[in-house]
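Engineer: how would this look folded up:
(one chain, ligands or ions: 1)
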Amino acid sequence: MSSIVIKGVQVMSKGGGSGKEKDIYIEGNLIEEVTDVDVRRREAEFVIQGHDKVAIPGLFNAHTHAAMTLLRGYADDMPLQDWLSEKIWPVEVRLTEEDVYWGTKLACLEMIKSGTVFFNDMYWHFRGSARAVAESGLRAALSAVFIDGFDEERAKEQMRMNERLYHDSKGLSDRIIFVLGPHALYTVSEESLCWVRDFAERHDLLVHIHLSETEEEVKSCIDRYGMRPVEYLDSIGFLSPRTIAAHCVHLSRRELALLKQHETKIVHNPASNMKLASGRMPYEQMKEAGLYRNIALGTDGCASNNNLDMFEEMKIASLFHKAFTNPTVMPAEEAFELATVNPARMFRLNSGAIEAGKLADIVLLDLKNVELVPNHNLISNIVYAANGSCVDTVICDGKILMSGREVEGEEELKEKAREVAHRLVNGS
Ligand SMILES: [Zn+2]
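Structural biologist: Okay, the predicted model is just below:
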């Protein structure tokens, strides 16, 4: 079992301030002990000097489509439907498993460089993503895109594929969680949704779905089923604490109450919602409905963000809601919890805090980075001033993935990803 000691590092305290310097001992994939400096003089395989650094829990990206990094900047500033049908979908039909592998590798690199240790993904070619995650050292919840287009044959195919993937997932890295990914109500039939509901219950699986992202989506649900999306999902018994609903932009108060009743989880994607002008679900209303602990933040895919930096996402989330209400809404401490403790609980991971017994998912920020000077208030700096480039070291599952901002194989990976992205978009 490998061991690491981080010597003399400031450890973020509860509530977000930077505490006094400590030594953090990591044994295997767990934090064994956080002690005062030099009280133990134990040998460790790796020694990290923590001076001028602060240790914070690694960040969680609770909704993304990682391989879409290949489409970063490919199409912007368009209405959502045109953007999808003219630009994104025509390229996505050409994707191969190899493309998804390289796109996900690129995404993992970007996430490591910006202090993210976990992401929740839904994309094509599951096996390509799984291979990239296994190699990257990150954690991920992965789901294949389940779309049947209301076609019975396609539905059966998707069910069989998911059964197979679930079965095979037992042989994957412990850092990968297999999740079911019914895409959305406008692309998946009721029969398939019920199959997902039952399969998830039988095997205790999480379910990742896009929900009420746009107003048109809500209208189409009312046209088809005579109910709003959450009411409909409730009527077929689909909602549970295992359901992870991305976006949730257009919800009535009754729908919020239903989500609370079932302890369904919500992933808020403020940058994507603003860029695609999807709308704003008032954060204060979600909180009033008692949903605070059930909310996490996500970047969504790179084609609609256009990066995977969770520091930026925390800031955007907080500013987005303040802009329409008042400056006290979503204070920095809350924005930080939406990217750490809340998603850790959501994905059933003993992570999201730096304490003995927790998984060793630790990010060291460089306090010499100009955005962190001066350091009157660490949590304020993290949410409102920092960005991914303040990250110096990333440890995930007890392994050092980045040290001094260096990640092994970075240049070769970027070169290859550039090539794959160019071929994908230009066809040669
Ligand atoms: Zn999405």
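Engineer: What's the mean pLDDT across stretch 246-265?
Structural biologist: Averaging pLDDT along stretch 246-265 yields 98.
Engineer: Which parts of the stretch 251-400 of the chain are strands?
Structural biologist: Applying DSSP state E, counting those that start in this stretch to the stretch 251-400 of the chain gives strands spanning 265-268, 295-297, 362-366, 391-396, 399-402.
Engineer: what's the answer for the stretch 101-250 of the chain, then?
Structural biologist: According to DSSP E, counting those that start in this stretch, the strands that the stretch 101-250 of the chain contains are 116-123, 139-144, 176-178, 207-211, 243-247.
Engineer: re the thing from before, of the strands of the stretch 251-400 of the chain, which is nearest residue 50?
Structural biologist: When the strands of the stretch 251-400 of the chain are ranked by distance to residue 50, counting by C-beta to C-beta, first place goes to strand 362-366 at 6.7 Å. No exception for glycine: its C-beta is placed from N, CA and C like everyone else's.
Engineer: Extract the CA atoms of that closest one and return them as PDB.
Structural biologist: Once side chains and other backbone atoms are set aside, the C-alpha atoms of strand 362-366 remain, and they are given as PDB (Å, rounded to 0.1, in the frame of the first residue of the first chain):
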ATOM      1  CA  ILE A 362      -7.200  16.300  -1.900                       C
ATOM      2  CA  VAL A 363      -6.300  19.400  -3.800                       C
ATOM      3  CA  LEU A 364      -3.500  21.700  -2.800                       C
ATOM      4  CA  LEU A 365      -3.900  25.400  -3.900                       C
ATOM      5  CA  ASP A 366      -0.800  27.500  -4.300                       C
END
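Engineer: Give the partner strands of that strand in its sheet and their orientations.
Structural biologist: Strand partners for strand 362-366, identified by DSSP bridges, are recorded as strand 53-57 (antiparallel), strand 391-396 (antiparallel).
Engineer: so which of those strands is the most packed in?
Structural biologist: Mean neighbour counts were taken over the strands paired with strand 362-366 using mean count of other C-beta atoms under 10 Å, and the top value, a mean of 25, falls to strand 391-396.
Engineer: Other residues contacting it?
Structural biologist: Residues from elsewhere that reach strand 391-396 (C-beta atoms under 8 Å, 6 or more residues apart in numbering): 4, 26, 48, 53, 58, 112-115, 117, 137-139, 175, 360-366, 400-405.
Engineer: Give me the buried entries from those residues.
Structural biologist: Among those, those scoring as buried are 4, 26, 48, 53, 58, 112-115, 117, 137-139, 175, 360-366, 400-402 (criterion: 16 or more other C-beta atoms under 10 Å).
Engineer: My guess is residue 384 contacts residue 332. True?
Structural biologist: Yes - counting by C-beta atoms under 8 Å, residue 332 is a contact partner of residue 384 at 6.5 Å.
Engineer: would you turn the strands paired with strand 362-366 into JSON lines with mean pLDDT?
Structural biologist: Written out in JSON lines, the entries for the strands paired with strand 362-366 read as follows (pLDDT from 0 to 100):
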{"stretch": "strand 53-57", "mean pLDDT": "97"}
{"stretch": "strand 391-396", "mean pLDDT": "98"}
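Engineer: if I look at the residue lying closest to residue 416 once chain neighbours are set aside, how far off is residue 304?
Structural biologist: In space, not counting the residues next to it along the chain, residue 416 is nearest to residue 102; the distance is 5.9 Å by C-beta to C-beta, 6 or more residues apart in numbering. Separation of residue 102 from residue 304 (C-beta to C-beta, to the nearest Å) stands at 20 Å.
Engineer: of residue 384 and residue 332, who's got more company?
Structural biologist: Set side by side, residue 384 and residue 332 show unequal neighbour counts under other C-beta atoms under 10 Å, the larger going to residue 332 at 19 against 16.
Engineer: what about the closest residue to the more buried one other than its chain neighbours, neighbour count?
Structural biologist: Nearest-residue entry for residue 332: residue 383, 3.9 Å, with adjacent residues in sequence omitted and distances by C-beta to C-beta, 6+ apart. The local packing count at residue 383 equals 24, with neighbours defined by other C-beta under 10 Å.
Engineer: what sits against residue 383?
Structural biologist: Residues counted as contacts of residue 383 (C-beta under 8 Å, 6+ apart) are 311, 314-315, 318, 332, 335-336.
Engineer: repeat for residue 64
Structural biologist: Contact analysis of residue 64 by C-beta under 8 Å, 6+ apart lists 107, 119-121, 298-302, 308.
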